[in-house]
Every structure is written in structure tokens, then in C-alpha cells.
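Engineer: Just a sequence and a predicted model for now, questions to come.
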Amino acid sequence: MAKQAEAERPMIKTRLSASSKVFYTVAYVITAVEAAICLIPFVILIASSFTGENYIRHHGYSILIHDFSLKAYELIFKTPITVLRAYGVSILITAVGTFCGTMIITLAAYVISRKDFKYRNQVSFFFYFTTLFNGGMVSTYIFYIQYLHLKDSLLALIFPGIFQVFYMLIMRSFVQEIPAALIESAKIDGAGEWCIFFRIILPLLKSGLATISLFLALGYWNDWYNAMLYINSEKKYPLQYMLYNMLQQTQALARIASQAGIKVMDMPSNSLKMAMAVVATGPILIVYPYVQKYFVSGITIGSVKG
Amino acid sequence: MMTAEVKRKEGFLYELKKNRALWVMLLPAFVIVILFQYFPMAGLVLAFKNYRFDQGVFGSAWNGLDNFRYLFQSGTGWLITKNTIVYNLVNLVTSQALAILIAIFISEINNRIFKKLTQSFIFLPYFISWVIVGTFVYAIFNYETGVLNNLISSSGGEAVNFYNMPWVWPIIICCFNSWKWCGYNSVIYIAAITGVDREIYEAAAVDGATIGQRIRHITLPTIRPTIITMLLLNVGRILRGDFEMFYQIVGNNGQLFNATDVIDTYVFRSLLQSSNLGMSAAASFYQSVLCFVIIMIVNAAVKHVEPDYALF
Amino acid sequence: MKKQLAAVMLAAATGVSVLAGCGSSGSGSGNAATQSAASASGTSAAAQSGGLDTSKEVNLVMYVISNRPAGQDAVDENLNKLLKEKLNCTLTINWIPWSDYANKYPLLFSSGEQFDMAYTSNWLNWTQLARKGAFMQLDDLWPTYAPDNWAATSEMAKAEATIDGHLYVVPTQKATYTAYGPIYRTKFDDGKEYTDEITDMTSMETYLDWIKANEPDLKPYQVYSAGSEMDDMWMYSQGFCASKGATNDFLFYNPEDENPKLFTYYEYDGVNDFLDMMEGWNGKGYYSKSALSDTDSTQVQNGLAAMQVHNIDTYSGLYILHPDWGFKYVNLRKHVAHLPYTQDSMAISTTSQNPERALALWNLLTTDQEVYDAFYYGILDTSYTLDDKGEFKITDPDTYATSAMWAVRTNELDRNGVGTPDDYVTQRNQWEEDIKSDDTAEKYAAFTIDTTNIETEYAACQSVQQQYWWPLELGFTDKESGLKEYQEKMEAAGIEKVRTEIQGQLDAYVATLK
């Protein structure tokens, strides 16, 4: 696969004129600066997670590790079962959500890109409309809990994000690259619609599938919002929600600490927050470079109408 | 005979029967969207109700537009609506522009390792949650120990109190927003650029086109539909601010509210003070309606100028 | 295009009509729930003489707000063994983490979820929740099923828990006081020691000056994103009370007056003195110029700041944590009174299926030391230890914590932490005496405001308060123009309507005193 990707990459030989040299210099410098700006905070984050708490309190964050300490990680893994369970939940919802979501989105994208499907525009708009109008947090919450009974259910972490119109439009652009004649000739050969979809279309959509499943997976992995609203028991917390909890605690406490009555002394330390962030992001960072190579083919997402 | 057949083909039931398999393929998406998106919309009636917990959404009494009043009390509504729209527009333009620029650079650069590394690095901010960004922002900009002020004073300048200068915050927010989303958005553009037929580039090279010309005449036109669609799709969300971003960067600092308050942050603070769910629903309703109106106008305008690029 | 839209609208409309059907049946069942609850309370009245039937085992569900401690499973198990034996019930405690309470707490009552008990407080807007039907009315249930608790609750606490003539929450029995003042550190890492005492605002400034001069690494005064407490401190020290009884309020009255009138900052003569003082403090760098964006509320605790303004419980906590930092505390409030007991309360949800058992459990928790200890502190020698004075210590704060149901505390059952400063007890006793001899402020302790009619304006004023007063108070905005702008914004937000409404309530309250 890697080799194939290599072949598809446009290799253009240009004479390096003076203007080209300027262009390349600018391109390299700006890209490098942008990459550095993105990398440095992450390095600070990692360094801080290994830095002693007292150092951070008095000297702030630093790009280097000072006063090396593993205390933050010891705290996180003190009850390893909690973290491992959260990993499990995150992996489960990401895997199930991404697989089912990719399937549902691809099927819908395929249908609305079929020119012989008469109502494709209406159907597209029916989907698109949900990005403009929505019930808002309160009524969505009440509806999910009262009528769909999603309280404290992992389904509440999977379903709300499973169908994304934006990804459907991206997917459709991939499908549209496939010549319609392919479908026609398959039909003449007597292939059924399902057979055409699974045998002919799906294999041609590899990079499209890679793209939207990456987006879906990132979305599921990073989601804490649904967990915040619908999950009660700690056993079902996904990793990002654990992180979010820990990070937000300080702020929420700061907000109400001025009110009398509550005496809360223990705040999560800065290094602990950073360590938690590292733990929560780590897996994706390891996986990402492997997925990256699949983004080779083109996406030109078009309008809602077919 | 011809006309009869045509007529028959127009019927919805006929269509349903003819493309039975296709409709079945659509079914999962339909069910999901109806259950999880359309049904909750009925709860928007909450916006017009004096919500009582014991009477539920549909049992509570109507109260007209009372829930909307707090939004517009003392002119706040207009300010936060304006802020929300302006921020979204500016953020949209800058973040997309940066993503496009970086995407073009990355696809032009031939050094494979450099390409791979930078593409991975620019994705990193996507994983740093806003809470942590908020912590960093304070560490950078605060008056006494902030990194920036340390730099200024060590180079002989006078420390600047950024928290007393509301006008810099839109810029700061805009920069962080672009920074955070650059990697994510550029994936789409890189893919679109890589999709351009290689032969066109080669032909251009043979004709002696410079890189600038190539970008202007080949790359940009080919990714133009993508750009326009991305813009239009985001315009549809123009009234929904990225709550976390604003809340974590600005927090509770009243000094900056006039410059940074968006609908979602204002509603959040009101909810803290009153627990009134009707107010929250009213704000959602207001956002939805305005989004709908705006996208209708923008789409009509695009349709007028370039019918091909209209969303619908 | 039009056709497309019509098709979509039709689709949407069918969706909605299906939902409407769904909805009416849903709200129907909701009504049934309330009815069954109502009939339950009816039968409870009938069963009054017979007492509670505990033959059926039930599981009660309680919501509290805090992050769940890692070792809570063992604590729950231990408690449930006890409860099974004493009341044939078990208790499931659900913890709403700090990060989510703002959204999740009000939503909890809207979901129709069946649960029995919840912690509530003024910072959770309990009065509004009660008025909007989130809590079960307890007029009959409380005295019947929690008779000992009922008998031990003071009349004032009951009055505070009453809304529109009905009881809605069971307040704590542990007395807390409106006393407010500086908590300041007197011993420092370099061996220096501050030997004077703070006794008023002037000596407070002397202290802050001393810190600035002698301990340059410490911020003299801790201010963070929740705003400075100094405005409240100033008003309290002049003898004024806040209309809501809470900090960050904007309407004050003088309890010494026969017919107190509400006023706000810009109508108060002393405001310029106050703003002058704060402007000076800002200039001298007593606190960060970016204080309102600093979310660290533990600067004093972590040795980054020297003084904060708060209550005696915070003082005690700091003292226990750092016995060698020489923390001192002084109350600068002119008239001390009891804080509303309702600031820590327990409410029964409208959706509760077993309100009788829940109240019986509450009765047990608040009267039986063994159950209280198992509930509040956990397992003896595992999660907490006791010293010979009966003071407690959590063994491992990373694994265990005291319960977050703060409303359960009573003066008798609650234990002090190991290392509690001696003056914690003596001060509290002193205030109790003070209140007996000086009821100037105590008279008003049961006065609670009802914002139902002014909800919009009140929320808007609070918003203006945070946006304009907080920076002004800290000297971040220009005194004169800032005060003028604050006044304009307050007026635009509808402070006059708020004042008229609350003044009416205050007058009515004063009339009942006579």
C-alpha cells in the first residue's frame, strides 16, 4: 500500500528558477514555523508532566524537564484499573462508532450520488437541514433520556455522533470519482444493488473510507460532551471525559469556592493535568502516522445537491 | 404510451419500488437522523414555555416570548449576536486561509521526511484540549509572570497588561483557533490538491509555467469548489460559537466580555445563575432560526452568482 | 427548489407529529409519576400512626456534587451492610463531577429519571428549582418519617426551607456563621514572622504592606477569577447585610435601621473611599493585574499568596494543612448571624418512588453516630482514623474523601479534623453567645428573596455585576468613568425593578418582625 501511495503522489520536476527558489524557501520556512508552533506546546505539555509540582507553581511551564518527577503518573496509575477501563470504553466506542458510522455514511453517500436516484437532492437537504437546525442541549437531553432511554448507556456515546453530514459530503465526492459506467455495466451483467455496492464500489473507496474513518475516530476519541451529559457511573467514563473532569475541576471549584460552606482543599496539580493529557492523547499519536499514508486520493466536496 | 410511462415513473411509490435496494441503503441514516436529530427538535417548544420540572416539556404552560427577554435585556442580545457572527466569520476565513496555505506548501514540498513530519506536527494542537490551552494562555499573557511580559521586560520594554486591553483578545482567540484547526482542515485540502491530475501539472511544467502560475491557474481553481463548500458549510454554523474555546481562553474575566462574549458563553453564565432551562432552550432556538435564515440568504446569493457552487 | 423545501418540510412535519404523539404519552406518564408520588404522600399521611413499613427492601438513589473518590466502592459497601440491617434498604450515591454541575444538575430534574435524594444549595439555585416543581413537598412527609430530625431542626431553619407556605428541603443542622474575615499567614519559609494582628481594615493594609516589603515572592492578597471578596468584606465591616445573604451580591441594607432600605454600591457614600483604597492596592501590587483570569483558588494553600478573605472553615482547613505556617483568622463583620441553614440542604426529587424510606434514612443518618460515621467518613481505620479527642483524619486523601452530602452534618455528630485550631471551637461558641446578645443581623437571617418575578432582570444585573463591578473593584478600570458606566449598565439591566421587588419583600419581612 505504501508503495502504491508513493506512485500516486504527483512528482513534478520543475526547473529551479530564482522565483522557485524564493517560493521553496518561503514554503519551507513558513511550514517549519507553523509546525514548530504546533509542536512546542506539546513538548511543554510532556515536559511539564514530568516536572515536580513545586517547580511549576513557582516558575511556570517550561520546555525542559526540571526537577524530574514521576509523581503525576504514579497518581494516575495508582488505581490502574480505572484508567484501563476508561481506555477500554474509549476504544470500544471508537471502534464500534467508527465502523458503523463509516458504513452508514458510505451507504447514504453512495445513494445520493447515484444520478438515477430521483430524490437525491431532497434527501441530501433532509440530512443537511440538521446541521442548521437542532433541538439544542436541553430538549435533546430530555428526549434522549426520556424517550430513547440512553441514560448511562454506552449507546449515548455512540449514536449521537454516528452520522455526520459533513463526512457524508466528503464521502460523496469520493464516490463521484467512480465512473457511472462501471455501475451500469455491472447492472447489465445482472449484479444486484448490494452486490454492486460491496463488490465494486467499496473496494474503490479505500482512501475515502480511510479519511472519514479517521475523522470519525478522532471525533469519538476526543468526545467528552456526550459522556458529560449522559453517563453516570464511573465505570463507563471514556478517557477524554476523565481528563476533562480532572481539568475542569479546578475551575468549577474556583467558581464556587468563594461561596461559604464548602471546604475543598485538594486540587489536581498542574503536572497531573498534563500527565493525564499525555495519557489520553498518546494512543492516537502512535496510530496517526500509520493512517496518514492513506490520504492520497482527492476529495473535492461539492454542494448538498447531487 | 410514452406519456403514460413517463407519468408512472414520476410517482413516488414507483420510485420507491424501482430503487428499493437504494432506499434500504438509506434507511440506517434516515433512522439515525430522525431519531437523534429531528425528534429532539420538537423540544424547541420549551423556548416558549414556563418550564416546570414536574409538568415536563409538553405539560408546562406557554409563556410567549418571556424566555427570550433575558437575551435582549439591556441590549446584550445584539452585542453577543454580533460578536458571535464576527468571530465566526473571522475565524472561518483565517483558519481556512492558513489551512489552504499550508496545504499548498506541503503538497509542493518534495522532501518526503519534512512533509511527513510537518503534516503530523500540525495535527498536534487538535489533541490539546481547550482547558490546557486556557492554562497556557494565562501563562503566556499574564502581567506579572507571563512569558510574553518577561520577554518584553528582559529586552528593556515596559510590561503590557493584556488583560486590560480588550481589543487584543479577538486577535489572540483568532490565532489560537487557526492554530488548533489548521492540521484538521488542511487534511481535506491536501487530499483535494493531490487529486489534481498529474498530467496537467506536467503539461504546465513543459510549457514553462512558474510555480506561482501553476498554483494560481491549476491548484487554486481545482480546489475552489472544496473551498466554497467548506465556507458554506461553516456559514451554516455561524451562530454556534466554539463554547470551550471562548470559555477557556476568556473565563470569568468581565473586563474582556464586551470584546469576547458570544451567545453560548452568555447562556452558560445565565444558566449558572438561574437554572432556568427555558432560557437555554430559547437561545438554542434563536441560534437555529438565525442560522437557517443566514444560510438561506447566503446560498441564494451564491446561487445567483455561481449556480454550480450553491449548496442546494 | 421550492418543491424540495416542501418535501423536507413535510418530512419534518411528519417527524414532529409522530413526536407530538410520543410527547403526550410521555408527559402522561410523567403526570402518572407525580400522581403516584402525590398518592404516596397521601398514604403516608394515612400511615402516620402506623409508622414506616420496612418489610420490602428498596434501593435509594442519592445525587451529590463532587468528584467520586477512587475508594468509594468499599465505603458504599460498608455503609449498605449497615443500612440493610437497620432500615432494610441500600443506597446508591451518584456523583456529579465538579466539571459538569452547571449543566447537569438542572438537567437531572428535567429528565424524569427516578431518584430519591439530592444535595442542594443556594449556589445550585434551590429556591428556583423548588418553585419550578423539581422537589417534592415535604409538609407531611418530613415530620412523619424523619421525626427526630424534624424535632432537632430549628424553627428558623424550617422557616428558611419554606417556599410559598410549603417545605421543600431538609436543611443541615450544623450551624454556620456569616463571620467573614482575613485568613493570613504569619510564619514564613525564611524564618520571618509577622507579630502584629489584623483587627480592622487599616491593620489589614499594614499587614499587606509588610508582606510586600518582606516576602517579595508572595502575592500579599489572593484574588482569582471568582472576583475579590474585599467589597463584601468592606460592606460587612460597616455593618451592612447583603440582600441575598451571599457574596458577590449587589443590594445591601443596614440591619440597624428600623425600616431598612436597599442600596447598591454607587448609591453608597463610602464607595469612593473603598475604590480609592483598592486603586492604591492595585498600584502597590497587592494582587496580580491579571487576577480575574487566574483560576488558581489555592494560592494561599500552596504558598503563593499570604492572605485570603473567607470563613472560619477555610481557615481551619488551611491550619490543619500547614500547622507551621502560623495561620491566623479574624472576623471583621460587625454583626455576626447564622448563615441560612438551607445553604446545605437535602431535597427529595418529585420522581422519587420511596420518599418515606428516603426520609427515614435521613433521620437515621442525622441521629445515629455509627451510621453517620459510615456515611460521612467511611470505614474506620481504612478510610479514616480517629484520635483520642474523637477528631478524624482521612488516611489517604487520594483514595478517600468525606461525603459530599454536606447537608447531613449536625453539630452533635460532625467531627473536627485532627489538628483543628483551638480557636475554631472557641470562636464558634463566642459567636453563638454574640448572636444571643446582639440580634441586629440575626433578625434578618430567615429573610430570603424570591426572584420569580424578576428572573430576567436579576440575571442581567448579576451579569453586569461581574462584567463591570469586579474589574472596577480591583482598580482595573478608571474609578470615575468606571463607576458611571457600572451605574448605567445596572440601570439598563433593570436594577430598579429588582430593587422595587426585593424592597417589597424586605418590607413584608420587616412587618412580620414587629
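Structural biologist: Great, that's in hand.
Engineer: contacts for the helix or strand hosting C:Ile502?
Structural biologist: Following DSSP states H and E, one finds C:Ile502 within helix C:495-513. Where contact means CB atoms under 8 Å, 6 or more residues apart in numbering or on different chains, the residues beyond helix C:495-513 that reach it are C:243, C:250-251, C:253, C:259-262, C:264, C:443-444, C:446-447, C:449-451, C:453-454, C:457-458, C:461. For the C-beta atoms, the positions are set from N, CA and C on the backbone; glycine is no exception.
Engineer: In strands only, show me those.
Structural biologist: Of the contacts of helix C:495-513, the ones assigned to strands by DSSP state E are C:Tyr253.
Engineer: returning to that earlier point: what average pLDDT does the helix holding C:Ile502 get?
Structural biologist: Averaged across helix C:495-513, pLDDT comes to 93.
Engineer: Contact partners for the residue of the stretch 201-312 of chain B found nearest chain A?
Structural biologist: In the stretch 201-312 of chain B, no residue comes nearer to chain A than B:Ser284, which is 2.4 Å away by CB to the nearest CB. B:Ser284 makes contact with A:134-139, B:44, B:47 under the criterion CB under 8 Å, 6+ apart.
Engineer: For the residue of the stretch 51-200 of chain B found nearest chain C, what are phi and psi?
Structural biologist: Of the stretch 51-200 of chain B, the residue with the smallest distance to chain C, taken as CB to the nearest CB, is B:Asp54 at 3.4 Å. In this entry, B:Asp54 is assigned phi and psi values of phi -80, psi -10 (degrees, to the nearest 10).
Engineer: what's around it, how many residues?
Structural biologist: Using other CB atoms under 10 Å in any protein chain shown, the number of residues around B:Asp54 comes to 22.
Engineer: swap in B:Tyr87?
Structural biologist: The number of residues packed around B:Tyr87, counting by other CB under 10 Å, is 23.
Engineer: For it, list the residues it contacts.
Structural biologist: Applying CB under 8 Å, 6+ apart, we find B:Tyr87 in contact with B:170, B:173-174, B:241, B:262.
Engineer: Might you specify the subset of these located within helices?
Structural biologist: B:170, B:173-174 (DSSP state H).
Engineer: shaky segments in chain C?
Structural biologist: C:1-51, C:245-247 (pLDDT under 70).
Engineer: residue ranges for the helices of the stretch 401-514 of chain C, please.
Structural biologist: Under the criterion DSSP state H, counting those that start in this stretch, the stretch 401-514 of chain C contains helices at C:422-437, C:455-464, C:470-473, C:479-493, C:495-513.
Engineer: what's the closest non-adjacent residue to residue 271?
Structural biologist: Just so you know, I chose chain A. Take A:Ser271 and drop its neighbours on the chain: the residue closest to it by CB to CB, 6 or more residues apart in numbering or on different chains is A:Ala72, 4.2 Å away.
Engineer: hmm, I had chain C in mind actually
Structural biologist: Of all residues apart from its sequence neighbours, C:Tyr265 sits closest to C:Val271 (CB to CB, 6+ apart), at 5.3 Å.
Engineer: Go ahead and confirm the one you found touches C:Trp234.
Structural biologist: No - counting by CB atoms under 8 Å, C:Tyr265 stays clear of C:Trp234, with 9.9 Å between them.
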